[in-house]
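Peer 1: this one's sequence-less:
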């Protein structure tokens, strides 16, 4: 009805599932460390954030990446998983309330995939959020990505709702 009234076109941009976790099921131990990304990691964060957006079909956010990375470094909200000192995976911490927090921007470059790095980083970051006094942790996944949905389910996340990002295009 809105499109008929205004002459706009509507398009589905993202179909996501919203997941909630209250207790982490930790994956098998990996020899790795977690660190908060800093200015030294700026170029890597920009590169991986752009790749994340492209792979997730979020091209409309590409122009915002430099400002997002600036904020993440300033707020100390982007984390890296390190193996032998080398970053192999990234994730973000966002949208905190009194009782909850969100994990976002989970990205592993293709050469490092299928090694358990994303599982380990999300588990560690989720536990960090819970240990800070939060009762639950949330994250979004694309509905059509069975790999990430299974990884998060195995960690203890459960789907609580779907989320649809709809774009209205006006001529």
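Peer 2: Right, received. Where do you want to start? Fair warning: this is a prediction, and the values are worked out from it, not measured in the lab.
Peer 1: where are the low-confidence patches of the protein?
Peer 2: Nowhere does the chain drop to pLDDT under 70.
Peer 1: stretch 12-24: which residues count as buried?
Peer 2: 14, 16, 17, 19, 20, 21, 24 (16 or more other Cβ atoms under 10 Å). To be clear about C-beta, it is placed using only N, CA and C from the backbone, and glycine gets the same treatment.
Peer 1: please look at the third one and residue 148 and confirm they touch.
Peer 2: Translated: residue 17. No: at 9.5 Å, residue 17 does not count as touching residue 148 under the criterion of Cβ atoms under 8 Å.
Peer 1: touching both of the two, which residues are there?
Peer 2: Listed as contacting both residue 17 and residue 148 by Cβ atoms under 8 Å, 6 or more residues apart in numbering are 141, 142.
Peer 1: which stretches in the chain count as helices?
Peer 2: 2-6, 42-55, 65-75, 117-131, 146-155 (DSSP state H).
Peer 1: pipe those helices into CSV and attach distance to residue 161 and mean neighbour count per row.
Peer 2: Below are the helices of the chain laid out as CSV (distance: least, Cβ to Cβ, whole Å; neighbours: other Cβ atoms under 10 Å):
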stretch, distance to residue 161, mean neighbour count
helix 2-6, 23, 9
helix 42-55, 22, 17
helix 65-75, 25, 16
helix 117-131, 18, 21
helix 146-155, 14, 16
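Peer 1: among those helices, which comes closest to residue 94?
Peer 2: Evaluated with Cβ to Cβ, these place helix 65-75 nearest to residue 94, the distance being 8.9 Å.
Peer 1: what's the angle from that closest one to helix 42-55?
Peer 2: 130 degrees (axes from the mean of the first three to the mean of the last three Cα atoms, to 10 degrees).
Peer 1: now do helix 65-75: which elements does it pack against?
Peer 2: For helix 65-75, the packing partners by 3 or more Cβ pairs under 8 Å, 6 or more residues apart in numbering; DSSP states H and E come out as helix 42-55.
Peer 1: which secondary structure elements does the helix it packs on contact?
Peer 2: Contacts defined by 3+ Cβ pairs under 8 Å, 6+ apart place helix 42-55 against helix 65-75, strand 86-94, strand 100-107.
Peer 1: ok, and what's touching the shortest one?
Peer 2: If you take Cβ under 8 Å, 6+ apart as the criterion, strand 100-107 is touched by 48-49, 51-52, 55, 78, 89-96, 118, 121-122, 125-126, 129, 132, 134-140, 148.
Peer 1: distance to residue 38 added to the helices and strands packed on helix 42-55, as TSV?
Peer 2: Converted to TSV, those look like this (distance: least, Cβ to Cβ, whole Å):
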stretch	distance to residue 38
helix 65-75	6
strand 86-94	12
strand 100-107	16
